[in-house]
Structure formats: structure tokens, C-alpha cells
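1. Provided below are the primary sequence and the corresponding predicted coordinates.
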Amino acid sequence: MELRFTEHPVWKKPLSDEEMEWMLENDRPLLEQLWESHEGRIKAAEEDPLNYGVELEHWKHAEDQLGSSLSIMALGGNRSGKTEWGARCVVRAAIRNPGSIIVCFAQDEDASIRIQQSAVYRNLPPECKKSAKTETEYINYKVKTGFSGASFIMENGSQILFHKYSQFIANRSKFEGLELGSKDASWHNIGLWLDEYLEDGDLVDTMRFRLATRNAKMLMTFTPIDGYTPFIASYLKHVETLKTRPAALLNGEQLPLVQDSFKKQCGVIYFHSDLNPFGGYARIAEELKHSHRDEILTRAYGIPVKSMTTLFPLFNTSVHVVGKRPTITEKTHTVYQVVDPAGARSYTAIWASVDEKGYVSILKEFPERNLYGEWAKFGDPRWKHGPAADKHFFSVRAYAQEFKKIEEELDIKVFQRIGDSRYFARENEDSIDLFSQFADCGIHFIPSNGINIDTGISSLDKWFEYNPNEPIGPVNKPILNIHESCGNMVDSIINWGHKGKSDEALKDFIDCIRYLRMSNDGYGPLHVTEKSLKVTRKFKKVY
């Protein structure tokens with residue numbers, strides 16, 4: 001019998017070729033014993049990956065977080081093993097926790113059968129892979145159609161149910177009354193697995209109460225190739241990084257591996273592709289060798305860098321959002337204010353400075369997120385105005401006083417104020433427009449450029465441009481930066497997608513920055529000094 005050791009990504013051959021030749025001649029029985037051990041280990045892992053397979057490093061980190069969190073969000077790069085981990089956890093919970101009810105959601109029927117159900121079946125122990133139809137157990141699986149009835153019941157009474165997100169949207173009452181998880185858990189009490197959840201969070205809000213009865217946990221696995229949804233963003237907003245590791249494709253830059261989304265009681269785990277020896281990482285690395293940084297972050301390390309709906313794909317919070325305002329004097333910067341008024345909502349406003357080189361800084365927003373809350377919140381099925389949009393002042397004079405107060409706090413003098421040309425021109429019951437009303441308060445506005453929205457958006461792109469393949473520095477930085485206090489402005493830039501009514505609530509701050517960009521006949525805000533305003537004329541005496 002010819003002895004040939006099977007190649008394995010993790011379990012290497014126990015002998016070199018030279019050692020194997022020597023043992024063939026001198027100690028074949030021992031060689032056969034080593035061969036049987038190696039081959040048996042690989043075969044056992046193939047037949048029963050749950051009990052005998054390789055446990056990857058990032059799976060261990062995720063499992064550790066399960067112990068201290070109500071949910072886990074696993075963000076994975078290409079071929080990083082997140083689906084395999086999700087299926088492994090579901091099967092282990094069903095086996096270890098008798099009487100479990102675990103619901104698994106996928107995007108559509110094909111994804112459920114081809115990805116989610118096949119991964120769960122693959123991780124079932126051999127004894128559970130045999131068809132069973134008894135009073136207490138029902139398992140029937142086919143590769144083409146998945147589990148019969150999109151569910152199965154194990155001998156210990158645990159049930160795993162597979163659904164599509166559209167089923168919840170069509171009939172959410174179908175999921176009322178479910179008690180997810182197990183009453184008698186000896187392992188992590190998992191009750192829900194969401195794979196590639198791209199909806200608005202309504203399902204999670206509903207199922208959270210189904211999880212609460214048995215104190216069960218939720219798994220979320222997500223590949224952020226096309227960006228992230230507002231739901232995902234809500235989990236990544238307030239995170240503490242607990243573990244990092246160097247990224248080989250980014251010159252050893254330390255990237256997050258484990259985070260704690262403490263407000264959501266959720267552990268966030270990044271499944272880096274190079275941590276999965278079975279995923280063909282060498283090919284992935286070769287494909288990404290000349291890609292820009294953002295693509296490497298998402299495809300190799302599972303780190304989302306932009307919203308799925310954004311019209312500004314180059315906008316990056318780590319580049320465009322800064323923690324310090326420039327030191328402003330009348331010689332170094334020219335300050336502008338832009339106001340977009342409304343009738344039923346609060347006015348929105350921004351203050352911006354421009355320096356002699358044309359670099360623009362958004363200094364302040366109104367209503368400021370830290371003081372008034374969110375301007376817009378993602379709801380079902382569209383964005384809705386948040387608490388910041390409530391009317392905070394009921395007269396032009398009150399707004400004028402607030403604007404002056406903010407400018408005193410910032411220690412700035414506004415050179416030019418721009419108001420929405422259409423709304424400012426509206427007259428009140430006394431036939432007085434907003435230009436005149438603000439002028440009576442000592443604040444003078446000029447009308448915004450009435451150019452169409454698409455032209456303004458295209459022009460805004462120029463402000464966000466930089467080379468993502470090169471370090472940020474004096475020769476590679478965007479024209480625009482935004483102070484970190486302008487949270488509502490940042491949220492609007494990330495999430496506004498020009499989708500009409502579905503994201504209309506985000507448009508107000510976009511209008512403010514668009515009016516600023518299109519000021520001065522489309523050239524944008526200019527740095528103006530006292531010297532540049534002077535006009536020198538020479539006159540000859542004329543009789």
C-alpha cells in the first residue's frame with residue numbers, strides 16, 4: 001500500500017520527505033501508525049466538523065464575546081468563515097441546550113438553501129445527518145431543496161427554523177408568541193441568527209422581545225462589501241476597541257479585531273480573511289495588491305467604510321471629520337453662515353471658514369447633535385425626523401439671537417450669510433420676507449444659488465476628493481473637513497442617497513453644504529481680506 005499524507009492547511013505532514021523515505025525502509029509499522037493518525041484526523045474533521053474540525057482564532061474571540069454580550073455582530077471579509085461560524089454556533093446551541101427554538105434568517109430562498117441551510121447541515125454530527133421521522137425527531141435534508149419544510153427537529157426537542165426577511169415584512173404576526181432559545185441552557189443560549197441583514201432594524205426590535213423570555217442571544221453575520229446600512233451603523237457608532245492585530249496588506253497597520261458596542265450590549269468581531277486558512281487568502285491578497293485602501297479594508301478585513309446609499313463614496317469619517325477647529329482670525333480665514341429655514345421644523349444652519357488656500361472647514365451646525373439629538377432617524381420604511389428637527393424657536397428674532405450667541409462662543413465674525421433663495425423670499429402675513437425680517441435683527445442674508453441639485457452634488461464631490469492609496473498630508477488632503485461636533489451633518493452626508501421621499505429627512509443639512517459649495521456663482525466660498533476688498537483708483541483733475 002502506497003502511503004501518501006494528505007495536504008491540509010492547518011495540520012501539516014508529521015514527516016519530511018527524507019524522514020518518510022528512511023522510515024519506509026527502517027520502521028514501516030510506525031510510519032503507518034503516523035499516516036493513519038494524520039488521515040484519520042482529517043477524515044473525522046470532514047465527517048464531523050463540529051466536534052473534530054479546526055477552531056479558528058477569530059471564532060474563539062467571537063465565542064468569548066458571546067459570554068458577556070446579548071448579541072454578536074460578525075463583520076467578515078471575503079472567505080473569512082463567518083457563515084461557517086454562525087452555523088457552528090447554531091448547531092452547538094441546539095445540541096447542548098435541549099428544547100431550543102432557533103430562527104435563522106437569510107436574504108432570500110436561494111441564500112437560505114445554498115448558504116445558510118447547507119452550512120448548518122454540514123455542521124450536524126453524523127448521527128443527525130440521517131433522515132429521521134419520529135414523534136420527537138424530524139430531519140430530512142436534500143442539497144437542492146434544503147431541509148424539508150425549511151426546518152428540522154432534533155431528538156432533544158431543539159428546533160431550527162429557516163426564514164427569509166420578506167416573510168417577516170409580509171406577516172410579522174407570524175413571529176408573535178415565539179419564545180426563542182432554551183429554558184435549560186448549558187451553553188450560549190442562542191435564539192436568532194441574522195445573515196446579511198440589510199433592513200432597517202424593525203425585525204430586530206420585534207424579535208428582541210422573543211429573545212427576552214428565555215434570555216437568549218442573537219448572532220448577526222454581515223459582509224460589508226457594498227457598505228453598511230443605518231442599522232449596522234447604529235451598532236458601530238459607540239464602540240470600544242478591545243483587541244487589534246496588524247494588517248499585512250496595509251503595511252502592518254493595527255486594525256480592530258474585537259470591539260464592544262456597549263450601548264447595544266453587542267460584541268463586534270471582525271473576521272479577517274487571512275485568519276481563515278481554508279478561504280484561499282493567497283488569491284485574495286493577490287487580487288487586492290493594487291486596490292485602494294477602502295477596498296482592502298472591506299474585502300480583506302470586514303471593515304465597512306461607507307454607507308450603502310451614499311452619493312459621496314469618497315467621504316470617510318477618519319479623513320473628513322476632525323477633532324479640532326482651525327484658529328480663526330480675519331486675516332487667516334473668511335467665515336460664512338448658511339441657513340435653510342422651514343415652517344414645521346427647526347431651521348438648519350452651518351458656519352464654515354475658508355483659508356487663503358481654499359480649504360474649507362465646517363465649524364458648527366445648528367441644531368447641534370450633542371445638544372438637540374438626531375436630526376433624522378432611520379425608521380420603517382424611511383428616514384424620519386428626529387428630536388433635533390422639532391421647532392426650538394418660534395420667531396426670526398429668537399433664531400437671530402441664537403446665531404449671534406453661537407458666533408460669540410466660537411469667537412468668529414461672519415463675512416457673508418447665505419439663505420435658501422426660495423424660502424427666504426416667501427412673505428409672511430405682513431408681506432415681509434425673511435431677508436427683511438433678519439435684516440431688522442441686524443443680520444443680513446443674500447440668496448443662495450438657485451442652480452439644480454445634481455450640479456451642486458457633482459460639485460460637492462470635488463470637496464471630498466483625496467487619494468485613498470496615499471497617506472493624508474499637506475499634498476494629499478481633501479478641500480473639506482468637518483468638526484466632530486457636527487454629527488447631524490456627518491450622518492446626512494453618509495446616508496443621504498437622493499432617493500426622494502425615503503430619505504427626504506436627511507436633505508436639510510445637505511442643502512446647507514450645497515448652498516455653501518455653489519456660492520460665488522459656483523466657485524465656492526472665497527477667502528476675502530480687508531486688503532482684497534479695497535479698490536484703488538487714480539483720478540485726473542477734469543474741468
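-> Thanks, I have the structure now.
2. Confirm that residue 491 lies within a helix, as I assumed.
-> Yes. According to DSSP: H, G, I helix; E, B strand; the rest coil, residue 491 belongs to a helix.
3. I'd like to know how many residues surround it.
-> By other C-beta atoms under 10 Å, 24 other residues sit near residue 491. Quick note: C-beta positions are derived from backbone N, CA and C, even for glycine.
4. Could I get the contacting residues of the residue lying closest to residue 390 once chain neighbours are set aside?
-> The shortest distance from residue 390 to any non-neighbouring residue, by C-beta to C-beta, 6 or more residues apart in numbering, is to residue 346 (6.3 Å). Neighbouring residues of residue 346 by C-beta atoms under 8 Å, 6 or more residues apart in numbering: 367, 372, 388, 389, 390, 391, 392, 393.
5. now residue 238
-> Counted by C-beta under 8 Å, 6+ apart, residue 238 has contacts 261, 262, 263.
6. Nearest spatial neighbour of the last one, chain-adjacent residues omitted?
-> Using C-beta to C-beta, 6+ apart and skipping the chain neighbours, the partner closest in space to residue 263 is residue 238 (4.9 Å).
7. Please identify the helix or strand for that neighbour.
-> Secondary structure assignment for residue 238, by DSSP states H and E: no helix or strand.
8. roughly how far apart are it and residue 261?
-> 7 Å (C-beta to C-beta, to the nearest Å).
9. same deal with residue 235?
-> Taking C-beta to C-beta, one finds residue 235 at 5 Å from residue 261.
10. Overlap of the contact sets of the two?
-> By C-beta under 8 Å, 6+ apart, the residues touching both residue 235 and residue 261 are 73, 268.
11. before we move on, the earlier item: which one of the contacts of residue 238 has the most neighbours?
-> Counting by other C-beta under 10 Å, top hit in the contacts of residue 238: residue 261 with 20 neighbours.
12. still on that earlier bit, for residue 203, see how far away the residue nearest to residue 263 is.
-> Distance from residue 238 to residue 203, by C-beta to C-beta: 22 Å.
13. List the buried residues in the host helix or strand of residue 455.
-> Per DSSP H and E, residue 455 falls inside helix 453-464. In terms of neighbour count (16 or more other C-beta atoms under 10 Å), helix 453-464 has its buried residues at 456, 457, 459, 460, 463, 464.
14. got these as a markdown table, with pLDDT and distance to residue 153 columns?
-> Formatted as a markdown table, the buried residues of helix 453-464 follow (pLDDT from 0 to 100; distance: C-beta to C-beta, whole Å):
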| residue | pLDDT | distance to residue 153 |
| --- | --- | --- |
| 456 | 86 | 58 |
| 457 | 85 | 54 |
| 459 | 89 | 60 |
| 460 | 90 | 56 |
| 463 | 95 | 58 |
| 464 | 92 | 53 |
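15. Just the buried residues of the contacts of residue 346.
-> Neighbour-count burial (16+ other C-beta under 10 Å) applied to these gives 367, 372, 388, 389, 392.
16. quick check, nearest of those residues to residue 477?
-> Distance ranking of those against residue 477, using C-beta to C-beta, places residue 367 first at 28.8 Å.
17. Show the contacting residues for the closest residue to the closest one other than its chain neighbours.
-> Excluding its sequence neighbours, the residue lying closest to residue 367 (C-beta to C-beta, 6+ apart) is residue 388, at 4.2 Å. The neighbours of residue 388, taking C-beta under 8 Å, 6+ apart as the test, are 346, 367, 369, 372, 373, 374, 375, 488.
18. Apply 6 Å and report the result again.
-> Each residue near residue 388 by C-beta atoms under 6 Å, 6 or more residues apart in numbering is listed here: 367, 372, 373, 374, 375.
19. That one: what secondary structure?
-> Following three-state DSSP, residue 388 is assigned to helix.
20. how close does it get to residue 307?
-> Using C-beta to C-beta, residue 388 is found at 19 Å from residue 307.
21. so what pLDDT did residue 542 get?
-> At residue 542, the model reports a pLDDT of 36.
22. And for residue 415?
-> 96.
23. So it belongs to a strand, correct?
-> Yes. Residue 415 forms part of a strand when assessed by three-state DSSP.
24. Pull the residues that contact whichever strand or helix holds residue 64.
-> Using DSSP H and E, residue 64 sits within helix 57-66. For helix 57-66, the external contacting residues (C-beta under 6 Å, 6+ apart) are 72, 74, 85, 188, 258, 267, 269, 271, 275.
25. for stretch 155-169, the distance to its chain's centre please.
-> Here the centre of stretch 155-169 is set off from its chain's centre by 26 Å, with C-alpha atoms, centre = their mean, to the nearest Å.
26. Likewise for stretch 507-514?
-> Chain-centre distance of stretch 507-514: 22 Å, with C-alpha atoms, centre = their mean.
27. then that stretch to CSV, C-alphas only?
-> The C-alpha trace of stretch 507-514 is given here as CSV (Å, rounded to 0.1, in the frame of the first residue of the first chain):
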residue,chain,number,x,y,z
LYS,A,507,-31.7,66.6,2.9
ASP,A,508,-31.7,69.8,5.1
PHE,A,509,-28.1,69.6,6.0
ILE,A,510,-27.1,68.5,2.5
ASP,A,511,-28.9,71.7,1.2
CYS,A,512,-26.8,73.8,3.6
ILE,A,513,-23.5,72.5,2.4
ARG,A,514,-24.6,72.5,-1.2
